[in-house]
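>>> Show me the folded form of this:
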Amino acid sequence: MKEKHKIGAVQMATGPNVSANLFEAERLIKEAANDGARLVVLPENFAFMGKQDREQLAVREADGDGPLQAFLARMAKQHGIWLVGGTIPLVASDPEKVRSAALIFDDKGERVARYDKIHLFDVNLPGVDERYHESAIIEAGDEIVVVESPFGRLGIAVCYDLRFPELFRQMLDSGVEILAIPSAFTAITGKAHWEPLVRARAIENLAYVVAAAQGGFHINGRETHGHSMAVDPWGTILAQVPRGSGYICSSVDREFQDSVRRSFPTIHHRRLKCRV
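Numbers count the residues shown, from 1 in each chain. This is a model prediction of the structure:
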């Protein structure tokens, strides 16, 4: 019998004060860990959201060195958890940009993987005066990440990535079993699309999904949707927190997942492969 584990997601409404954001993240990580979570996922941009996107340049870190990375390693080791560090800004090849990097640490505080956000949010929201141009400041990644973990093969995607099912199909080709998705969906797009997208990625891939979101009002005038959630391979929402700061914690039942994949083997019935 496979061991059951608990997974958790932290939800925040991040601002421009890094110290305050880290204090809040630490509080919520501790609460999730004390509730039994052995995998905790932080939201996108958990450590910093300024008034302007370019302010990320001031807090970016070199890969492998910096206070944000040290914080993540310390939290993982201190609480004995696997930690998906939302995203933090790391140095890019273009000196005027950053990489939006999700770093994964094991329960000894060792970094085991890094995923750089691939799909960048360059959109004009219909019907409102909201425009986003992430590619002006973020340098896109180009590699999927799936790593072995105590919870199954763990894949990482970030926010806007949710809209591109071919990314998740490539993860499935690498044997993904659980998906961690740090996010910061806007209030408008979140209300319309967040839940169906998260559940669809679980259903399509017969995978567990733990999606950590920003949820609330931010100093830059942005409002984020929240509704961090854990979803099982059948698409059932196991836990959810609507708005504001908080966390969720839910069990991963690998026996159930194996049973669903055996009795409802859609992932083996595929006839088309994504072209890359």
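>>> From here on, just use CA atoms for contacts and neighbour counts.
OK.
>>> need the contact list for the residue sitting nearest the centre point of the chain.
Residue closest to the average C-alpha location in the chain (C-alpha atoms, centre = their mean): residue 182, at 1.8 Å. Shown in contact with residue 182 (C-alpha atoms under 8 Å, 6 or more residues apart in numbering): 41, 42, 43, 44, 86, 87, 157, 158, 159, 211, 212, 213.
>>> Excluding chain neighbours, what is closest to it?
residue 43 (4.4 Å; C-alpha to C-alpha, 6 or more residues apart in numbering).
>>> cool, and residue 73?
Nearest to residue 73 is residue 109, by C-alpha to C-alpha, 6+ apart, at 4.4 Å.
>>> Compare the contacts of residue 182 and tell me which has the most neighbours.
residue 213 (39 neighbours; other C-alpha atoms under 10 Å).
>>> Is it bridged to anything, and to what?
In this structure, residue 213 bridges to residue 183 when assessed by DSSP bridges.
>>> residues touching it, list them.
Contacts of residue 213 (C-alpha under 8 Å, 6+ apart): 10-12, 42-44, 182-185, 225-228.
>>> Mind giving me the packing neighbours of the lengthiest helix in the chain?
Counting residues, the longest helix in the chain under DSSP state H turns out to be helix 18-34. The contact analysis (3 or more C-alpha pairs under 8 Å, 6 or more residues apart in numbering; DSSP states H and E) places helix 18-34 against strand 5-11, strand 37-41, helix 67-79, strand 246-252.
>>> I'd like those written out as a markdown table, with distance to residue 152 added.
Formatted as a markdown table, those follow (distance: least, C-alpha to C-alpha, whole Å):
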| stretch | distance to residue 152 |
| --- | --- |
| strand 5-11 | 10 |
| strand 37-41 | 11 |
| helix 67-79 | 18 |
| strand 246-252 | 9 |
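>>> do you know which of these lies nearest residue 96?
helix 67-79 (19.9 Å; C-alpha to C-alpha).
>>> So for the closest one, mean pLDDT?
Helix 67-79 carries an average pLDDT of 98.
>>> go on, stretch 3-22?
Rounded mean pLDDT across stretch 3-22 is 95.
>>> So which bits of that stretch are buried?
5-16, 18, 21-22 (16 or more other C-alpha atoms under 10 Å).
>>> Make sure I have this right: residue 230 is in a strand.
Yes. According to DSSP: H, G, I helix; E, B strand; the rest coil, residue 230 belongs to a strand.
>>> For it, give me the pLDDT.
Per the predicted model, pLDDT is 98 at residue 230.
>>> ok so, going back, do you know which of the helices and strands packed on helix 18-34 lies nearest residue 53?
Nearest to residue 53, of the helices and strands packed on helix 18-34 and by C-alpha to C-alpha, is helix 67-79 at 17.9 Å.
>>> The closest one packs against which elements?
So helix 67-79, by 3+ C-alpha pairs under 8 Å, 6+ apart, packs with helix 18-34, strand 82-84, strand 98-105.
>>> For that helix, output the C-alpha coordinates as CSV.
C-alpha atoms of helix 67-79 as CSV (Å, rounded to 0.1, in the frame of the first residue of the first chain):
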residue,chain,number,x,y,z
PRO,A,67,17.9,36.2,0.7
LEU,A,68,14.8,34.9,-1.0
GLN,A,69,16.4,31.6,-1.9
ALA,A,70,17.9,31.3,1.6
PHE,A,71,14.4,31.9,3.0
LEU,A,72,12.9,29.1,1.0
ALA,A,73,15.7,26.6,1.9
ARG,A,74,15.4,27.5,5.6
MET,A,75,11.6,27.1,5.6
ALA,A,76,11.8,23.7,3.9
LYS,A,77,14.5,22.4,6.2
GLN,A,78,13.0,23.9,9.4
HIS,A,79,9.5,22.4,8.8
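>>> chain center to it: distance?
Chain-centre distance of helix 67-79: 17 Å, with C-alpha atoms, centre = their mean, to the nearest Å.
>>> just stretch 219-229 next, same as before
Worked out by C-alpha atoms, centre = their mean, stretch 219-229 lies 14 Å from the chain centre.
>>> The spatially closest residue to residue 225 that is not a sequence neighbour: neighbour count?
Distances taken as C-alpha to C-alpha, 6+ apart put residue 187 closest to residue 225, at 4.1 Å, once the chain neighbours are dropped. Other residues within reach of residue 187, judged by other C-alpha under 10 Å, total 18.
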